[in-house]
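Undergrad: The following comprises the amino acid sequence and a computationally predicted model.
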Amino acid sequence: MTQACHAATAILHITCEDENTKEYLSDLDNMHKVVLETKNEGSLEKLATVLTEHQIPHKKWIEQPENIPTALATAPLRSRSPEVLEAFKKCCSLYR
């Protein structure tokens, strides 16, 4: 969970000038997040590839010194394309 927090904080910093991020941060008491999990490193990499292809700002957290991808966070967005939603459905499940 710590790595997910690192990724979420990093993408907020990276996109701090983006209008969606500014809007998201303007109402701190009503922030909304969804935490999903992937089955393995391959599904995390596949999701990152789809996000890159669709120009969705995201941060893949690489744990050091192990150099292992452990988490991914997207920038705050109002909507996602059907292709991106499908990638989330294929690569992830609700974290429990």
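TA: Nice, thanks for sending it over. Numbers count the residues shown, from 1 in each chain.
Undergrad: How far off centre is stretch 13-26?
TA: Relative to its chain's centre, stretch 13-26 lies at 14 Å (Cα atoms, centre = their mean, to the nearest Å).
Undergrad: oh sorry, the question was meant for stretch 32-49
TA: 8 Å.
Undergrad: Outside of that stretch itself, list whatever touches it.
TA: 4, 8, 58, 60, 68-69, 72, 87-88, 90-95 (Cβ atoms under 8 Å, 6 or more residues apart in numbering). Heads up, the C-betas are built off the backbone N, CA and C, glycines and all.
Undergrad: Let me know the secondary structure of the residue nearest the centre of the chain.
TA: With distances taken as Cα atoms, centre = their mean, the residue of the chain nearest its centroid is residue 73 (2.0 Å). Under DSSP: H, G, I helix; E, B strand; the rest coil, residue 73 falls in the strand class.
Undergrad: before we move on, back to that, now the two most distant members of the contacts of stretch 32-49.
TA: Spatial extent of the contacts of stretch 32-49 (Cβ to Cβ) is set by the pair 68 and 94 at 22.8 Å.
Undergrad: The two: which is more packed in?
TA: residue 68 (12 against 8; other Cβ atoms under 10 Å).
Undergrad: per-residue confidence for that one?
TA: Model confidence at residue 68, given as pLDDT, is 94.
Undergrad: C-terminal to whichever helix or strand residue 23 is part of, what's the next element?
TA: In the assignment (DSSP states H and E), residue 23 maps to helix 19-25. Downstream of helix 19-25, the first helix or strand assigned by DSSP H and E is strand 36-38.
Undergrad: Would you mark the buried spots in that next one?
TA: residue 38 (16 or more other Cβ atoms under 10 Å).
Undergrad: Helix, strand, or coil at the residue located most distally from the centre of the chain?
TA: Distance from the C-alpha centroid of the chain peaks at residue 65, with 21.6 Å (Cα atoms, centre = their mean). With three-state DSSP as the basis, residue 65 sits in coil.
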